[in-house]
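S.K.: Sharing a model prediction with you, sequence too.
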Amino acid sequence: MNYYGAKEIADSFRTVRKNTLVIAEEIPEAQYGFRASPETRSVAETLVHIAAAPSMSERIHGEKLTTLVGFDFPTMIGKFIAMEKEPRSKAQVIDLLRSEGDRFASFLDGLDDDFLGQRVTFPPGMTPDSKTRFEMILGAKEHEMHHRAQLMVIERMLGIVPHLTRDMQARFAAMTQAKATA
């Protein structure tokens, strides 16, 4: 019996994307060009990267590829980089995050356990040499969380307390207050 399937992956991805959208909304548009260091992506580029990245997973699994031998990663990554460099307003970036997130979550909703259990082989020399579709799709969510963590550090650099921190602080304060009045 599988306790975590397509519905749970889709729901979990929606939660991750919802939190990314909060960060995108909280960072002022004037700071969308901010870079933590010269060689890193700007805030806007990072958010566009987050929006676009699940399309690679969707392509691999939507085309039902069983091997990545011969998959043209350089061309796809080149398209992502070009997309990241396109000038966009904050509203356009947020719309892209929202629409791409909704599209990917809907794609995930349509998968089934047998499909998620299938293995996809990797090119020679990669370790491991294969993963299940389930593992690979979770990797798309983990990738977003990785970059969202970078954005949370950038929020701190910009003087913004991340919403997840504020929420935790409010819960802790409420618990402390409840204990004091008990």
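M.R.: That came through fine.
S.K.: pull the longest helix from this protein.
M.R.: Criterion DSSP state H: the longest helix present in the chain is helix 133-157.
S.K.: Show the subsequent helix or strand relative to that one.
M.R.: helix 163-181 (DSSP states H and E).
S.K.: list the helices and strands that next one packs on?
M.R.: Packing partners of helix 163-181 (3 or more Cβ pairs under 8 Å, 6 or more residues apart in numbering; DSSP states H and E): helix 6-26. Glycine gets a C-beta too; all of them are placed from N, C-alpha and C.
S.K.: follow-up on the earlier one: and the longest helix of the chain, how far from the chain's centre?
M.R.: Once both centres are worked out by Cα atoms, centre = their mean, to the nearest Å, helix 133-157 turns out to sit 5 Å from its chain's centre.
S.K.: who touches it?
M.R.: Contacts to helix 133-157, defined as Cβ atoms under 8 Å, 6 or more residues apart in numbering, come from residues 9, 12-13, 16-17, 19-20, 23, 26-27, 34, 36, 43, 46-47, 49-50, 53-54, 56-57, 60-61, 104, 108, 111, 115-120, 131, 161-162, 164-165.
S.K.: swap the cut-off to 6 Å and go again
M.R.: With Cβ atoms under 6 Å, 6 or more residues apart in numbering as the test, helix 133-157 has contacts from 9, 13, 16, 20, 23, 36, 46, 50, 53-54, 57, 61, 116, 118, 162.
S.K.: Which one of these is nearest to M126?
M.R.: Minimum distance to M126 across the contacts of helix 133-157 is 16.3 Å, recorded for S57 (Cβ to Cβ).
S.K.: and the closest one, what helix or strand is that in?
M.R.: Applying DSSP H and E, one finds S57 within helix 54-62.
S.K.: Just the buried positions in that helix, please.
M.R.: 54-58, 60-61 (16 or more other Cβ atoms under 10 Å).
S.K.: ok, so what distance separates the residue nearest the centre of the chain from T181?
M.R.: Among the residues of the chain, E144 comes closest to the average C-alpha position under Cα atoms, centre = their mean, at 2.2 Å. E144 sits 40 Å away from T181, taking Cβ to Cβ, to the nearest Å as the criterion.
S.K.: cool, R103 as well?
M.R.: Applying Cβ to Cβ, the value for R103 to T181 is 47 Å.
S.K.: Of those two, which one has the most company?
M.R.: Each of R103 and T181 has its neighbours counted (other Cβ atoms under 10 Å); R103 has more, 13 against 6.
S.K.: how much space between that one and F122?
M.R.: Using Cβ to Cβ, R103 is found at 26 Å from F122.
S.K.: Listing request: residues of the chain with sub-threshold pLDDT.
M.R.: Residue ranges of the chain with pLDDT under 70: 1-2.
S.K.: Run through the residues that contact H49.
M.R.: Residues near H49 by Cβ under 6 Å, 6+ apart: E84.
S.K.: Alright, calling it a day.
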